[in-house]
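> no sequence on this one, just coordinates:
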């Protein structure tokens with residue numbers, strides 16, 4: 001292949017070759033053969049030196065095979081991760097957080113855990129603008145896990161629009177410390193160094209942070 005012509009001499013221009021930054025297994029074999037071809041016949045390679053070079057070549061060959069095997073292994077891992085992520089899209093998952101989801105007039109669910117008993121507990125549900133849409137009187141609660149039962153209606157008994165809603169807990173009118181988990185739908189997934197899923201179209205969550213995976217609804 002001719003790269004071009006020198007306008008002054010009319011001679012073809014030499015192609016510029018980019019030097020290789022790494023050597024392949026074939027390069028090592030070629031170097032070894034060239035060394036044998038151009039060795040001094042008066043000073044041939046001695047047996048012990050030949051054995052050392054053969055051992056070195058064997059080690060290099062094993063390293064190439066190991067690297068190829070690792071690359072295939074990583075491809076398999078990525079394929080499995082992609083299959084796992086794809087299977088999660090559209091499913092309901094439980095994650096740590098205080099933003100629940102209403103879909104088709106139905107609250108997907110929420111739970112909270114108390115370290116100690118609490119009295120006169122209320123659940124305040126707010127919309128995306130921080131406005132209260134519903135206040136639920138839960139009464140006196142013991143320590144442990146509790147399920148929030150909300151029919152997705154506001155304080156006037158009207159169905160709330162679909163979307164995300166924040167859950168706040170009060171005890172005696174004061175903020176109540178609790179570990180809150182909510183249910184949401186996986187809307188997308190991304191495969192990177194840390195695979196993540198997007199829940200409710202908003203929050204990105206690592207796979208390791210998924211507390212529960214439910215059936216598709």
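Yes, it's here. Here the structure is a predicted model, which means the values were calculated and not measured.

> Direction included, what does the biggest strand by length in the chain pair against?
Longest strand in the chain by number of residues, with DSSP state E as the criterion: strand 179-190. As defined by DSSP bridges, the strand partners of strand 179-190 come to strand 92-96 (antiparallel), strand 110-114 (antiparallel), strand 196-199 (antiparallel).

> highest average neighbour count across those?
Burial among the strands paired with strand 179-190, expressed as mean neighbours by mean count of other CB atoms under 10 Å, is greatest for strand 196-199, which shows a mean of 22. (Each C-beta comes from the backbone N, C-alpha and C, glycine too.)

> which residues sit against that strand?
Contacting residues not belonging to strand 196-199 are listed as 85, 88-89, 93, 95, 184-190, 204-207, 210 [CB atoms under 8 Å, 6 or more residues apart in numbering].

> ok, residue 162 touching residue 100?
No. Residue 162 sits out of contact with residue 100 when judged by CB atoms under 8 Å, with a separation of 11.8 Å.

> which one of the two has more residues nearby?
When neighbours are counted by other CB atoms under 10 Å, residue 162 and residue 100 differ, and residue 100 comes out ahead with 24 against 13.

> secondary structure class for the more buried one?
Going by DSSP: H, G, I helix; E, B strand; the rest coil, the secondary structure assigned to residue 100 is strand.

> List the contacts of the residue lying closest to it once chain neighbours are set aside.
Once its chain neighbours are removed from consideration, residue 100 has its nearest residue in residue 182; the separation is 4.3 Å (CB to CB, 6 or more residues apart in numbering). Residue 182 sits next to 94, 95, 97, 98, 99, 100, 101, 108, 109, 110, 111, 167 when contact means CB under 8 Å, 6+ apart.

> Tell me the spacing between the third one and residue 161.
Going from residue 97 to residue 161 by CB to CB, to the nearest Å gives 20 Å.

> so where's this structure shaky on pLDDT?
Screening the chain residue by residue with the criterion pLDDT under 70, one finds the ranges 1-58, 60-62, 64-82, 215-217.

> And the helices in it, which stretches?
25-37, 47-88 (DSSP state H).

> the domain parsing of this structure - what is it?
The chain breaks down into these structural domains: 26-34+49-87, 92-213 (assignment by automatic domain parsing).

> With respect to burial, which of those domains scores highest?
Each of these was scored by mean neighbour count; the highest is domain 92-213, a mean of 15, by mean count of other CB under 10 Å.

> can you tell me the distance between the two ends of that domain?
Start-to-end span of domain 92-213 (CA to CA, to the nearest Å) is 6 Å.

> residues contacting the spatially closest residue to residue 104 that is not a sequence neighbour?
Distance criterion CB to CB, 6+ apart; nearest residue to residue 104, sequence neighbours excluded, is residue 162 at 6.7 Å. Residue 162 makes contact with 102, 103, 104, 105 under the criterion CB under 8 Å, 6+ apart.
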